[in-house]
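Q: Model the following, please.
(one chain, ligands or ions: 1)
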Amino acid sequence: MARPDESVVHGSKAPGETGSPSEPAGPKDLPAVDRLLRQPEVAALVAEHGHTLVAGHARSLLDSLRVQALAGTLAREAVAPAALGHALGQRVDAALAPAMRAVFNCTGTVIHTNLGRALLADAALQQVLALMASPNNLEYNLASGGRGDRDSLVEDLLCQLTGAEAATVVNNNAAAVLLTLAALARDREVIVSRGELVEIGGAFRIPDVMTAAGVRLVEVGTTNRTHPRDYEQAIGERTALLMKIHTSNYVVQGFTASVDEATLAGIAQRHGLPLVSDLGAGSLIDLSAHGLPREPMPQEQLAAGCQVVTFSGDKLLGGPQAGLIVGRRAEIERIRKHPMKRALRVSKLPLAALEATLRLYLRPERLRRDLPTLRLLTRPLADILATAQALHAPFTQALAPRVDVAVVDDLLGQIGSGSLPVDRLPSAGLAITPTQKKGAGRALDDLASALRSLPRPVIGRITDDRLILDLRCVENHALLAAQLPLLADRLA
Ligand SMILES: *Cc1c(COP(=O)(O)O)cnc(C)c1O
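A: Residues are numbered from 1 along each chain as shown. Next up, the predicted model:
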């Protein structure tokens, strides 16, 4: 509907036609919302997206243009019908564009927490697609026709792969640790070595998690050395369990001593206490068989005598975010029955992906092909180098002459997510250096920012006055190269 005042505001002329071309546009040059919505290209937007969204953005566009018009800074071209239609289309597109987007991980860190950790295997994606838009047997027992338990969908697999008697799954490993402690040690004491009181990142510190779980932390030993007698002496009436935490994101080197799981399990057993191990990354396969540094495996921890082992689903396992708790039936039952389990339980979406991921481990010979995380971690250097060589020309073409682009084969990446911090992954990529020394720092920041502004953002790192793009995790270099011509505009 046309507003009654429309003809008064615009007279007989269309917006944009009044005034001389050199004068800035005034508020009267702007159309009313209804009039803008009737413009053919805007009407097409309304037909596609509906009135609510388009009218809302039409209003906010006109509001912001009115502010500029009142300030005398609105260019006359900006109020032409085509320009208004275009600006509105851009606002609508921006509102509909997802905030969570695919990026190129050129950081050199394969399992990068900020970039979403493990990439899901194709089998896991297919399972999510097949199940999420359909009713499924999440908590329905198809054999009995009665209520089922979501844990049972993966419990047998987890037991088979780790040798555990029982298993349960929660939202993430932080939740796994929290729930395990709350269920097994509430209002009692948990003994931990001072050398293992780690901060995992963000606000996740082992001592704080213990407090949140309502257990009292008893620290034993020193930062660099803890002995069996330290644990022995700390055990008392109120002790609920001994805990071992994999110090995944740092190493203590030099004059050190720690008590291994088997020894600790002996001590725990003599006092009738459970031993709980938080592994963090926890690999289900021996990574050294794939030429990678060894990482502790849950099955080894259980075999060494731990009663409960917790680890993440989206670190070395290569699956979705999840916290896996495996171990002795008695402890797992207590954990499962704790009221907090309901609050921390895993949803059907990651559970579907987790089951499919775990099933890949039944065919270990194919794992390198089937599991993207393992494929990337074991990607041959020659392959990464070939990617770097393929991208050299497109980068040079897009950025010359302001920068120098070089292929480098001496990069050191890392596994990430806390695992194996001192073991580096030899890698290759591109090193980009500004040709002008003056203002080089600023130029690098601008370039990094322009790369992040691409349709599929490219995330690198700046070190030693170079922008480094580690290409281990870029498997589709054509996709990356195709968007590089856009850089010219963004750097202009
Ligand atoms: C990563 C990690 C956690 C937390 O696991 P999330 O899956 O991120 O919740 C806990 N403990 C250790 C030792 C870890 O490495």
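Q: Share the number of residues neighbouring the residue in the chain positioned nearest to the ligand, please.
A: With CB to the nearest ligand atom as the measure, G280 is the residue of the chain nearest to the ligand, at 2.1 Å. (Glycine included, C-beta is placed from N, CA and C.) G280 has 24 neighbouring residues, counting by other CB atoms under 10 Å.
Q: and if you look at H227?
A: By other CB under 10 Å, the residues close to H227 number 16.
Q: And for R442?
A: Quick note: R442 (other CB under 10 Å) scores 10 neighbours.
Q: Residues touching the helix or strand hosting it, excluding its own?
A: Assessed by DSSP states H and E, R442 sits inside helix 440-452. Residues from elsewhere that reach helix 440-452 (CB atoms under 8 Å, 6 or more residues apart in numbering): 399, 402-403, 432-434, 436, 457-460, 462, 465-467, 487, 490-491.
Q: Residues contacting the next helix-or-strand element following it, please?
A: Downstream of helix 440-452, the first helix or strand assigned by DSSP H and E is strand 458-459. Outside strand 458-459, the residues that touch it by CB under 8 Å, 6+ apart are 103-107, 115, 451-452, 469, 480.
Q: go on, stretch 37-57?
A: Against stretch 37-57 from outside (CB under 8 Å, 6+ apart): 31, 33, 36, 58, 81-82, 84-86, 88-89, 91-92, 95-96.
Q: Isn't G291 up against T378?
A: Yes. In this structure G291 lies within contact range of T378 using CB atoms under 8 Å: 6.5 Å.
Q: out of those two, which sits in the busier spot?
A: A count of neighbours by other CB under 10 Å puts T378 above the other of G291 and T378, at 15 against 9.
Q: Low-confidence regions, the stretch 251-400 of the chain specifically.
A: Applying pLDDT under 70 to the stretch 251-400 of the chain picks out residues 251.
Q: interface residues of the stretch 51-200 of the chain facing the ligand?
A: Residues of the stretch 51-200 of the chain lying near the ligand by CB under 6 Å from any ligand atom: 172-174, 177, 200.
Q: quick one, phi/psi of the nearest residue to R366 once chain neighbours are set aside?
A: The shortest distance from R366 to any non-neighbouring residue, by CB to CB, 6 or more residues apart in numbering, is to L360 (7.4 Å). Torsion angles at L360 (phi, psi; degrees, to the nearest 10) stand at phi -60, psi -30.
Q: Next one: L360 relative to D230, how far apart?
A: 41 Å (CB to CB, to the nearest Å).
Q: who's more crowded, these two?
A: L360 (21 against 18).
Q: Next, find the distance separating L217 from A87.
A: 58 Å.
Q: next one: V405
A: Taken as CB to CB, the span from V405 to A87 is 36 Å.
Q: neighbour count winner among those two?
A: V405 (21 against 18).
Q: Just confirm that one is within a strand.
A: Yes. Counting by DSSP: H, G, I helix; E, B strand; the rest coil, V405 is part of a strand.
Q: Quick check, it in contact with P394.
A: No. V405 is beyond contact range of P394, at 9.4 Å (criterion: CB under 8 Å).
Q: Name the residues of stretch 366-376 that come out as buried.
A: If you call a residue buried by 16 or more other CB atoms under 10 Å, then stretch 366-376 has these buried ones: 367, 370-376.
Q: Might one say that the residue of the chain closest to the ligand is in contact with F204?
A: No. If you go by CB under 8 Å, G280 and F204 don't touch, sitting 10.4 Å apart.
Q: Point me to the helix or strand that includes the residue lying closest to G26 once chain neighbours are set aside.
A: For G26, ignoring the flanking residues on the chain, the nearest one in space by CB to CB, 6+ apart is A69 at 5.4 Å. For A69, the host element (DSSP H and E) is helix 51-70.
Q: show me the biggest strand of this protein in terms of residues.
A: strand 419-434 (DSSP state E).
Q: Off-centre distance for it?
A: 20 Å (CA atoms, centre = their mean, to the nearest Å).
Q: That one to helix 440-452, inter-axis angle?
A: 110 degrees (axes from the mean of the first three to the mean of the last three CA atoms, to 10 degrees).
Q: what are the C-alpha coordinates of strand 419-434, in PDB please?
A: Taking only C-alpha atoms (Å, rounded to 0.1, in the frame of the first residue of the first chain), the coordinates of strand 419-434 have been written out as PDB:
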ATOM      1  CA  SER A 419      48.500 -34.000  21.800                       C
ATOM      2  CA  LEU A 420      52.200 -34.400  21.500                       C
ATOM      3  CA  PRO A 421      53.300 -30.800  21.800                       C
ATOM      4  CA  VAL A 422      57.000 -31.400  21.200                       C
ATOM      5  CA  ASP A 423      56.600 -33.800  18.300                       C
ATOM      6  CA  ARG A 424      56.400 -31.800  15.100                       C
ATOM      7  CA  LEU A 425      55.100 -32.800  11.700                       C
ATOM      8  CA  PRO A 426      57.500 -31.900   8.800                       C
ATOM      9  CA  SER A 427      55.400 -30.000   6.300                       C
ATOM     10  CA  ALA A 428      55.500 -27.800   3.200                       C
ATOM     11  CA  GLY A 429      53.700 -24.700   2.100                       C
ATOM     12  CA  LEU A 430      54.100 -21.100   1.000                       C
ATOM     13  CA  ALA A 431      56.000 -18.300   2.700                       C
ATOM     14  CA  ILE A 432      54.800 -14.800   1.700                       C
ATOM     15  CA  THR A 433      57.100 -11.800   2.300                       C
ATOM     16  CA  PRO A 434      56.300  -8.200   1.400                       C
END
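Q: Okay, buried residues for that strand please.
A: 419-420, 425, 427-434.
Q: Please apply the same query to stretch 446-466.
A: 447-448, 450-451, 454, 458-460, 466.
Q: Over to stretch 23-32?
A: 24-26, 29-32.
Q: And the residue nearest the centre of the chain?
A: G116 (1.5 Å; CA atoms, centre = their mean).
Q: Check the average confidence over the helix or strand harbouring I468, would you?
A: Per DSSP H and E, I468 falls inside strand 466-470. Mean per-residue pLDDT for strand 466-470: 98.
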